[in-house]
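Chemist: Only the shape, not the letters, is given here:
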């Protein structure tokens, strides 16, 4: 009877140790996921700030016109474009 009780206690202790190890690994995994999420959040905040800065910049009509002219060769009606080719 005493041997059976000891065997049951050993099995119970092994089961509890397995559960502790399992949840310890889950905790480490959760902490890694938290760090990844915090990094993604910081990147998203940087992207948001860059978008807000761009919005403020392009809200100014003269800045928007400058960018249109430089990137897309935009000209106003009645203007003529002159292309200067450098000599060799």
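Modeler: Arrived safely. Note that the structure is predicted; figures quoted are calculated from it, not measured.

Chemist: Against which helices or strands is the lengthiest helix in the chain packed?
Modeler: Identified as the longest helix of the chain according to DSSP state H is helix 2-59. Counting contacts by 3 or more C-beta pairs under 8 Å, 6 or more residues apart in numbering; DSSP states H and E, helix 2-59 is packed against helix 61-72. Bear in mind the C-beta positions are built from the backbone N, C-alpha and C, glycine included.

Chemist: count of neighbours near residue 32?
Modeler: Neighbour count for residue 32, taken as other C-beta atoms under 10 Å: 10.

Chemist: And it, how far from residue 45?
Modeler: Distance, residue 32 to residue 45, using C-beta to C-beta, to the nearest Å: 21 Å.

Chemist: now do residue 70
Modeler: 29 Å.

Chemist: Residue 68 versus residue 61, what's the distance?
Modeler: Taking C-beta to C-beta, one finds residue 61 at 11 Å from residue 68.

Chemist: More neighbours: which of those two?
Modeler: Neighbour totals were compared for residue 61 and residue 68, and residue 68 leads with 14 against 8 (other C-beta under 10 Å).

Chemist: what angle sits between the longest helix of the chain and helix 61-72?
Modeler: Taking axes from the mean of the first three to the mean of the last three C-alpha atoms, to 10 degrees, helix 2-59 and helix 61-72 form an angle of 100 degrees between their directions.

Chemist: so how far is helix 2-59 off the chain centroid?
Modeler: 17 Å (C-alpha atoms, centre = their mean, to the nearest Å).

Chemist: What is the least confident helix or strand in the protein?
Modeler: helix 61-72 (a mean of 87; mean pLDDT, DSSP states H and E).
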